[in-house]
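[1] here is my input, please return the structure:
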Amino acid sequence: MQHPGTGANDIVATMKTLGTKARAAASVLATASPERKHAALVAAADALRANSADILKANAIDLEAARANNISGALLDRLELTEARIEGMITGLRTIADLPDPVGATMAEWDVPSGLHIQRVRTPLGVIGIIFESRPNVTADAGALCLKSGNAAILRGGSDSYHSSQAILACLQAGLKAANLPEDAIQMVPTTDRAAVGEMLKGLNGNIDVIVPRGGAGLVARVQSEARVPVFAHLEGICHLYIDKAADLQMALDITLNAKMRRTGVCGATETLLLHKDIADTHLAPICEALMAAGCEIRGDADVVARIGGAKPASEKDWSTEYLDAILSVKLVASLEAAIAHIETYSSHHTEAIVTADTGAADKFFKHIDSAILVHNASTQFADGGEFGMGAEIGIATGKMHARGPVGVEQLTSFKYLVRGTGQTRP
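    Numbers count the residues shown, from 1 in each chain. Below you'll find the predicted structure:
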């Protein structure tokens, strides 16, 4: 799994070469036609299907090693590939291929009194470094999104998904080759040495324009602390679901079960349930009992523990914990305003949802909560670029600048101004 040269100087040289190749490929992609990029993505999707057995074999190697290292259930879920998940990657690539090409699209245009005509048009960011853990499907999603948006990608997967990611990368590069685009447009760091990450965070001599980390809080915190280039990221996904007093019981139950238990290891999984005290007698027990029957541990405030047998007392730390597991903190709140206050205190500003038949309450929830994604009457697990119609996402950003929420092809572009005149000079 290591690059032949494992010394510090060898890693620096290897990473410098990756950066140089990526920059050269990015200059080709920036002007590649939409048809060639589309062809590359379709060919990559075909290669994924043709090589699915090899991808599953590679994934089995990673899974065996992960189990031997006693990796957590949540991380195993992220690491595992199945025929269905490979089909999901294939669908994602085809969906991205069919999206409108963002490069060169006019965002706005206008005339000014001097007679100049001004356009603001989308341009690629350049070279994007993606550092991720566990999820090998990120290889396909990130590579495809970068390609569609005219960017070169340098991928650094975790050691736990190394073989799976390499097998997927081979399919992406086969697609590039089939479309006569440079295979260096999507590269993977050929070593699991952590020093390679440090080199990426330095920017590879100015060759990386943006870093996107996808993984645990430790990885993201390191990237945000050490990166010398802009970062698109979220540190944690402490997502909240608020059941309002005007919520239908069956809808609330169905949404809560899905938001928590569909996949507990994803960043859009609900970690805290807030429920209006006025419906505690009708809604709390059925929802908690359904969760516990599904294998979820309930950690509640004093009111919840008093009402729900088997619930454990929640500590102050629970309200700010991203479990990524079948554990849910539950609290009764006196009002919508109290729910909003709790969320603003403990949220990581990723995704929050409200279940209510009162559109006024939903509007107030949307207006007063400052998270990247807000949801009314649906599961927080829809916090996903694919579900947003983006084909896939390179990650979810919770910052305030440029990209926020799912980062898709449009978020992977910047813009430039095109100014056209008829001989004007400035007085």
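
[2] pLDDT of stretch 321-341, averaged?
    The average pLDDT within stretch 321-341 is 97.

[3] C-alpha coordinates for that stretch, CSV please?
    Taking Å, rounded to 0.1, in the frame of the first residue of the first chain, the C-alpha atoms of stretch 321-341 are listed here in CSV:
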residue,chain,number,x,y,z
THR,A,321,-22.3,14.5,20.5
GLU,A,322,-22.4,13.1,16.9
TYR,A,323,-23.0,9.5,17.8
LEU,A,324,-22.8,8.0,14.3
ASP,A,325,-24.4,5.0,16.0
ALA,A,326,-27.8,3.7,17.1
ILE,A,327,-28.0,6.2,20.0
LEU,A,328,-30.4,9.2,20.1
SER,A,329,-30.6,12.0,22.7
VAL,A,330,-34.2,13.0,23.3
LYS,A,331,-35.6,16.2,25.0
LEU,A,332,-39.0,17.6,25.7
VAL,A,333,-39.2,21.4,24.9
ALA,A,334,-41.8,23.9,26.0
SER,A,335,-42.2,25.7,22.7
LEU,A,336,-40.9,26.1,19.1
GLU,A,337,-38.8,29.0,20.4
ALA,A,338,-37.2,26.6,23.0
ALA,A,339,-36.4,24.1,20.2
ILE,A,340,-34.8,26.8,18.1
ALA,A,341,-32.7,28.0,21.1
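
[4] for the chain, what's the longest helix?
    For the chain, the longest helix by residue count, based on DSSP state H, is helix 8-29.

[5] and that one, what does it pack onto?
    Packing partners of helix 8-29 (3 or more CB pairs under 8 Å, 6 or more residues apart in numbering; DSSP states H and E): strand 127-132, strand 152-156, strand 186-188, helix 195-202. From N, CA and C alone the C-beta is placed, and that goes for glycine too.

[6] dump those to a markdown table, plus distance to residue 419, mean pLDDT and mean neighbour count.
    Converted to a markdown table, those look like this (distance: least, CB to CB, whole Å; pLDDT from 0 to 100; neighbours: other CB atoms under 10 Å):
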| stretch | distance to residue 419 | mean pLDDT | mean neighbour count |
| --- | --- | --- | --- |
| strand 127-132 | 27 | 94 | 28 |
| strand 152-156 | 28 | 97 | 28 |
| strand 186-188 | 34 | 97 | 25 |
| helix 195-202 | 35 | 94 | 20 |
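
[7] among these, which is nearest residue 97?
    Across the helices and strands packed on helix 8-29, residue 97 has its closest neighbour in strand 186-188 (14.5 Å, CB to CB).

[8] domain parsing for this protein?
    In terms of domains, the chain is parsed into 8-233, 239-382 (source: automatic domain parsing).

[9] any idea how many residues pack against residue 345?
    9 (other CB atoms under 10 Å).

[10] quick one: it is in a helix?
    Yes. Assignment of residue 345 by DSSP: H, G, I helix; E, B strand; the rest coil places it within a helix.

[11] model confidence score at it, please.
    96.

[12] SS state for the nearest residue to it once chain neighbours are set aside?
    Using CB to CB, 6 or more residues apart in numbering and skipping the chain neighbours, the partner closest in space to residue 345 is residue 319 (7.8 Å). The three-state label given to residue 319 by three-state DSSP is helix.

[13] how many other residues sit next to residue 319?
    There are 19 residues near residue 319, going by other CB under 10 Å.

[14] check contacts around it.
    272, 329, 331, 342, 345, 346 (CB atoms under 8 Å, 6 or more residues apart in numbering).

[15] surely the last one is in contact with residue 271?
    No. Contact criterion CB atoms under 8 Å: residue 346 and residue 271 do not qualify, at 9.3 Å.

[16] what about these two, which has more around it?
    Remark: of residue 346 and residue 271, residue 271 carries more neighbours, 30 against 17, as counted by other CB under 10 Å.

[17] please, which helix or strand holds that one?
    strand 270-276 (DSSP states H and E).

[18] packing partners of that strand?
    Against strand 270-276 (3+ CB pairs under 8 Å, 6+ apart) you get strand 239-243, helix 249-261, strand 327-333, helix 336-346.

[19] for these, which one sits closest to residue 66?
    Nearest to residue 66, of these and by CB to CB, is strand 327-333 at 21.2 Å.

[20] so the closest one versus strand 270-276, what angle?
    20 degrees (axes from the mean of the first three to the mean of the last three CA atoms, to 10 degrees).

[21] any idea how far strand 327-333 is from the chain center?
    25 Å (CA atoms, centre = their mean, to the nearest Å).

[22] pull the residues that contact it.
    242, 260, 270-277, 280, 284, 288, 291, 296-301, 303-304, 308, 311, 314, 318-319, 321, 339, 342.

[23] now the buried members of those residues.
    When those are checked for burial by 16 or more other CB atoms under 10 Å, the buried set is 242, 260, 270-276, 280, 284, 288, 291, 296, 298-301, 303-304, 308, 311, 314, 318-319, 321, 339, 342.

[24] out of the domains of the chain, which is closest to residue 411?
    domain 8-233 (7.5 Å).

[25] least confident secondary structure element in the protein?
    None of the helices or strands of the chain scores lower by mean pLDDT, DSSP states H and E than helix 73-79, at a mean of 83.
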